[in-house]
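In: here is my input, please return the structure:
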Amino acid sequence: MHDHRHVDLRAIAFHAMEKYGFEPEFPRTVVQEVDGLDPAAVVNRGDGIMDLRPLLWSSIDNDDTLDFDQLEYCERGPDDEIHVRVAIADVDAYVKKDSATDRHAAFNGTSVYTGVETFPMLPDKLSKNISSLVPGHDRRAVVIEYAVLPDGSVRGGDIYQAVVRNRAKLVYEEIGAWLEDAGAIPQALREIPGLDEQVRMQHAAAQRLRKLRMEQGALDLDTIEARAVMEDGSVKELVVQRENAARHLIEEFMVAANGVMVNRLGESGVPMIQRVVRIPRYWDRIVQTAAPYGERLPAEPDAKALAEFLARRKEADPETFPDLSLTVVKLLGPGEYMMLDPGAEPVGHFSLAVTDYTHATAPNRRYVDIVNQRLLKSILAKAEVPYSRRELADLSEWLTDRDKSANKVERFMRKAAAAVLLHDRIGESFEAIVTGASEKGTYVRLFEPPAEGRVVLGERGLAVGQKVAVRLKKTDPYNGHIDFERLGGRVAIRSFGRSRSQEVRQRTSRPSAPAETTARQPRGRYRHDGKSSRRPHGR
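Out: Residues are numbered from 1 along each chain as shown. Next comes the predicted model:
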């Protein structure tokens, strides 16, 4: 029997990476290649690169983030338009196709955030320094422009390469609280002239974008996804990160920027990789889920009808809405990448209520974003497209698999960390919700702490979304197992209900990212893509 007090969760994380087919460490060739880079030579290269350093660029992210992928800047336009510029880190300027660094990044496909250990797609010297839009340094970027009209619609603008400088690293929790009139004005907004007005303008644009997307049927789901808080190598607690106005701001800006990118690629007649969420296969079960609430959803999949039902439930019962959200997320199915030929009928993104969508705003963390960046730059340079249709189709299939595998690693590590935390509570009873019920097994999530595990006794007859009382039987962090038995009748539950004070805790060990938001992630909120909106922005 292992002593839970001496469980090496970092070693377990490395093992999980290898188990699911990732390379957790960088080969010597990659390290040598990155060490040989001359960042100044890239930043100072002419080639018609625009100089946008004078603009009041800023980033909004988690307080511990170092791999900055995007900056934002707005200006007032005619007829109450708000003109938006989103600067995306120009990772391709440093990572050339088929280089050792590129091959390793393509193999892993994504950064993996376990809460215990982060496994970056690119070495820290790149993703947290040379190619990161860190404050106070000149950096190469791809800038996407668009106008947000008063009704929330988007008019796409130009896309080009530039040199930018991040003026302020803003933090989600501080900016969100300030925008919601629940916190003091952050220090950076006090000290940098015009920055408070700039962020207010960005917020106004995001509110327009969000209002229209929700009217068009974007799904606003709010699930509970806990991350481990580590202290001296041990799990201190599990916390859930909440959404706020600042996270919505970044998510909306990235969704719009990704849409502009897709349109530009489509207009140029090149094949591309899109991010899609297909029409739900289990729509009939979603209809059944709505029925007990007195709601009748259409027989055929209808995102707007589903969105309106969810909005009504969120308003009627916000405390239990995460439980309903979790049920719907399970039934919607995952997002995937797909190669799309020029002029082909798009599959669309059911959950975002958009027809054309991709991932292009987090190239330090997702490989598909680098691919799209290269496609765009070939168009700007009027050069040959760097990928064949076959390469893009193969990459779509591979990166979809990597995305699913990254979710498996992260889910495994959430269970491993929770198993360590719960070891001393074996025999206790908890209230839970069923999150999965199939021939593969029946799984539940506790309300407090928000840990997930399997029901190994009394599981027959349980259905997704059902509330149930369970007793903790066993924990095994090495295999990511937490075992429960179902309890019948009314029982005294010592850990009853969800602690809202813990649920809204704002600490997290993982970078956050909206854009599919809605994504990358993690965390509390889904803008459903089959996973949380963990850091990679833009579902």
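In: low pLDDT regions in the stretch 101-250 of the chain?
Out: 222-225 (pLDDT under 70).
In: so which residues of it form helices?
Out: 124-125, 172-179, 187-191, 195-215, 245-267 (DSSP state H, counting those that start in this stretch).
In: could you do the stretch 351-500 of the chain as well?
Out: Using DSSP H, counting those that start in this stretch, helices in the stretch 351-500 of the chain cover 367-380, 389-422, 500-503.
In: and among the ones you listed, the most buried is which?
Out: helix 367-380 (a mean of 22; mean count of other C-beta atoms under 10 Å). Every C-beta, even on glycine, is put in place using the N, C-alpha and C of the backbone.
In: contacts for that one, please.
Out: Residues outside helix 367-380 that contact it (C-beta atoms under 8 Å, 6 or more residues apart in numbering): 88, 90-92, 95, 97, 102, 105-106, 108-110, 121, 142, 159-161, 261, 264-265, 268, 270, 272-273, 275, 337, 358-363, 384-387, 392, 395, 399, 402.
In: just stretch 454-467 next, same as before
Out: 285, 289, 323-324, 326-327, 330-331, 431-437, 441-444, 468, 470, 473, 481-488.
In: pull out the buried residues from those.
Out: Neighbour counting by 16 or more other C-beta atoms under 10 Å classes 285, 289, 323-324, 326-327, 330-331, 431-437, 442-444, 468, 470, 473, 481-487 among the contacts of stretch 454-467 as buried.
In: next step: those restricted to strands.
Out: Judged by DSSP state E, these include 431-437, 442-444, 468, 470, 473, 481-487 as members of strands.
In: so where is the stretch 301-450 of the chain shaky, pLDDT-wise?
Out: 319-320, 346-356.
In: and Phe321, how far is that from Ala93?
Out: Phe321 sits 43 Å away from Ala93, taking C-beta to C-beta, to the nearest Å as the criterion.
In: who's more crowded, these two?
Out: Neighbour count, other C-beta atoms under 10 Å: between Phe321 and Ala93, Ala93 has more, with 22 against 19.
In: if we can go back for a sec, winner for burial among the helices of the stretch 101-250 of the chain?
Out: With neighbours taken as mean count of other C-beta under 10 Å, the helices of the stretch 101-250 of the chain reach their highest mean count in helix 245-267, at a mean of 25.
In: ok now that helix, how far from the chain's centre?
Out: Here helix 245-267 is found 14 Å from its chain centre; the criterion is C-alpha atoms, centre = their mean, to the nearest Å.
In: ok, now stretch 58-67?
Out: The answer for stretch 58-67 is 14 Å, by C-alpha atoms, centre = their mean.
In: may I see the buried residues of it?
Out: In stretch 58-67, counting by 16+ other C-beta under 10 Å, buried: Ser58, Ser59, Ile60, Asp61, Asn62, Thr65, Leu66, Asp67.
In: turn those into JSON lines, including pLDDT, secondary structure and distance to His423.
Out: Formatted as JSON lines, the buried residues of stretch 58-67 follow (pLDDT from 0 to 100; DSSP: H, G, I helix; E, B strand; the rest coil; distance: C-beta to C-beta, whole Å):
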{"residue": "Ser58", "pLDDT": "98", "secondary structure": "strand", "distance to His423": "43"}
{"residue": "Ser59", "pLDDT": "98", "secondary structure": "strand", "distance to His423": "39"}
{"residue": "Ile60", "pLDDT": "97", "secondary structure": "strand", "distance to His423": "37"}
{"residue": "Asp61", "pLDDT": "94", "secondary structure": "strand", "distance to His423": "34"}
{"residue": "Asn62", "pLDDT": "88", "secondary structure": "coil", "distance to His423": "29"}
{"residue": "Thr65", "pLDDT": "87", "secondary structure": "coil", "distance to His423": "31"}
{"residue": "Leu66", "pLDDT": "90", "secondary structure": "coil", "distance to His423": "33"}
{"residue": "Asp67", "pLDDT": "93", "secondary structure": "coil", "distance to His423": "33"}
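In: and which of those residues is nearest to Glu33?
Out: Asp67 (18.3 Å; C-beta to C-beta).
In: correct me if wrong: that closest one contacts Val134.
Out: No - contact status for Asp67 versus Val134: not in contact, 9.0 Å apart, counting by C-beta atoms under 8 Å.
In: where do the contact lists of these two overlap?
Out: Shared contacts of Asp67 and Val134, counting by C-beta under 8 Å, 6+ apart, come down to Lys128.
In: before we move on, the earlier item: could I get the helices of the stretch 101-250 of the chain in JSON lines, plus columns for distance to Leu421?
Out: Formatted as JSON lines, these follow (distance: least, C-beta to C-beta, whole Å):
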{"stretch": "helix 124-125", "distance to Leu421": "28"}
{"stretch": "helix 172-179", "distance to Leu421": "23"}
{"stretch": "helix 187-191", "distance to Leu421": "34"}
{"stretch": "helix 195-215", "distance to Leu421": "35"}
{"stretch": "helix 245-267", "distance to Leu421": "26"}
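In: Glu315 is nearest to which of the ones you listed?
Out: helix 195-215 (12.8 Å).
In: in CSV, list the C-alpha atoms belonging to the closest one.
Out: The C-alpha coordinates for helix 195-215 follow below in CSV (Å, rounded to 0.1, in the frame of the first residue of the first chain):
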residue,chain,number,x,y,z
LEU,A,195,-5.7,52.3,-20.5
ASP,A,196,-8.9,52.3,-18.4
GLU,A,197,-10.8,53.9,-21.3
GLN,A,198,-9.2,51.4,-23.7
VAL,A,199,-10.4,48.4,-21.6
ARG,A,200,-13.8,49.9,-21.2
MET,A,201,-14.0,50.2,-25.0
GLN,A,202,-12.9,46.6,-25.4
HIS,A,203,-15.6,45.5,-22.9
ALA,A,204,-18.3,47.4,-24.9
ALA,A,205,-17.2,45.7,-28.1
ALA,A,206,-17.2,42.2,-26.4
GLN,A,207,-20.7,42.8,-25.0
ARG,A,208,-22.0,43.5,-28.5
LEU,A,209,-20.4,40.4,-29.9
ARG,A,210,-21.6,38.2,-27.0
LYS,A,211,-25.2,39.5,-27.2
LEU,A,212,-25.5,38.7,-30.9
ARG,A,213,-23.9,35.2,-30.6
MET,A,214,-26.3,34.3,-27.7
GLU,A,215,-29.2,35.5,-29.8
